[in-house]
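>>> Got a sequence here, can you build the structure:
(one chain, ligands or ions: 1)
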Amino acid sequence: MSTEPATQQRVALRPDLRIPAHVGVIMDGNGRWAQARGKPRSEGHVAGVKALRALVESCINYGIGHLTVFSFSSENWTRPKDEISFIFGLLRRFVASDLEKLHRNNVRVKIIGSRDGLDESLRRLIAEVEATTAMNTGLKLQVAFNYGGKAEITEAVQRVASLVAAGRLKPEDITEETISRALYTAGLPDPDIIIRTSGEQRFSNFLLWQSAYAELVFVDENWPDFNDAAFLRVLEDYSGRDRRYGGVEAQRR
Ligand code: FPP
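Here you go, the predicted structure:
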């Protein structure tokens, strides 16, 4: 993949542009993008991977620390079997084609989500991607795959409950930090922005706990059409937001 910085045309950035530490993206509308062009849905997903590559490149160029993308939800299992296996194949192809360049560009990749329902070869592939890039210090890319926010919180609660049952933690010592540390995203900053494409305005079970104070940005483009210019418009929108975190004055974090 072309994640080398500065391969995209660079535009002059507004001096007041605020760069978020963590961007979350619900990549929606691949199917509609394809249908609008009389193509099979699978082509929409292929175009979606291209848009993901471009976004990774933009994030590297803008110095964004963390990017988390929703690529297969625990609810997506209700889709036709063919489409599910196509998306699983895409993850494999994405790794095969892009891992080396991601690594070369110092990107750390993590796959967050449940490992249940993933076959052994896919689990091995995920382990390989994570191990190869574990020491990288550039962009942290989280691919949410077989991910559901409620399931994530449920698993976290189970972990915390087993510590309590083992006598290693007192119920009154459980804090928000205890829960955060038990999530797949342990150690990551909470997302500053959640972007959803295709005009839909829902969370759809994405980063439910972590998004408590995220700025929400809904854009009309279907995911395959979401490019650097669209991302820059989102960053400009974000730069004008007044983040109060429940307080009274705008805070810059
Ligand atoms: C949403 O569009 C997209 C998905 C559920 C799959 C997302 C996958 C990619 C963007 C490719 C990247 C994937 C990997 C594995 C790296 P939709 O199918 O819900 O579109 P629709 O709402 O128009 O039907």
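>>> Excluding covalently adjacent residues, which one is nearest to M135?
R108 (7.8 Å; Cβ to Cβ, 6 or more residues apart in numbering). C-beta coordinates here come from the backbone N, C-alpha and C atoms, glycine included.
>>> pLDDT value on that neighbour, please?
With respect to pLDDT, R108 scores 98.
>>> In contact with it, which residues?
Residues in contact with R108 (Cβ atoms under 8 Å, 6 or more residues apart in numbering) are 133-141.
>>> ok, so of those, who is nearest W33?
W33 lies nearest to L141 out of the contacts of R108, by Cβ to Cβ, at 22.4 Å.
>>> wait, E75 sits on Y147?
No - using Cβ atoms under 8 Å, E75 makes no contact with Y147, being 9.9 Å away.
>>> For K140, give its distance to D228.
To D228, K140 is 20 Å away according to Cβ to Cβ, to the nearest Å.
>>> same check, this time on S73
From S73 to D228 the distance is 26 Å (Cβ to Cβ).
>>> what's the closest non-adjacent residue to P40?
A34 (6.2 Å).
>>> now do N227
Once flanking residues are discounted, N227 sits nearest to A54: 6.0 Å by Cβ to Cβ, 6+ apart.
>>> and the stretch 51-200 of the chain, which of its residues are near the ligand?
Contact residues, the stretch 51-200 of the chain versus the ligand (Cβ under 6 Å from any ligand atom): 52, 71, 76, 87, 90-91, 94, 143.
>>> Quick one: the residues you listed as TSV, columns for distance to G240 too.
TSV is the format used below for those (distance: Cβ to Cβ, whole Å):
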residue	distance to G240
L52	26
S71	29
N76	34
I87	35
L90	35
L91	36
F94	34
V143	29
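>>> mind listing which of these are in strands?
Using DSSP state E, the subset of those located in strands is 71, 143.
>>> and the residues of the stretch 51-200 of the chain next to the ligand as a markdown table, adding neighbour count?
Formatted as a markdown table, these follow (neighbours: other Cβ atoms under 10 Å):
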| residue | neighbour count |
| --- | --- |
| L52 | 24 |
| S71 | 23 |
| N76 | 17 |
| I87 | 19 |
| L90 | 18 |
| L91 | 21 |
| F94 | 19 |
| V143 | 22 |
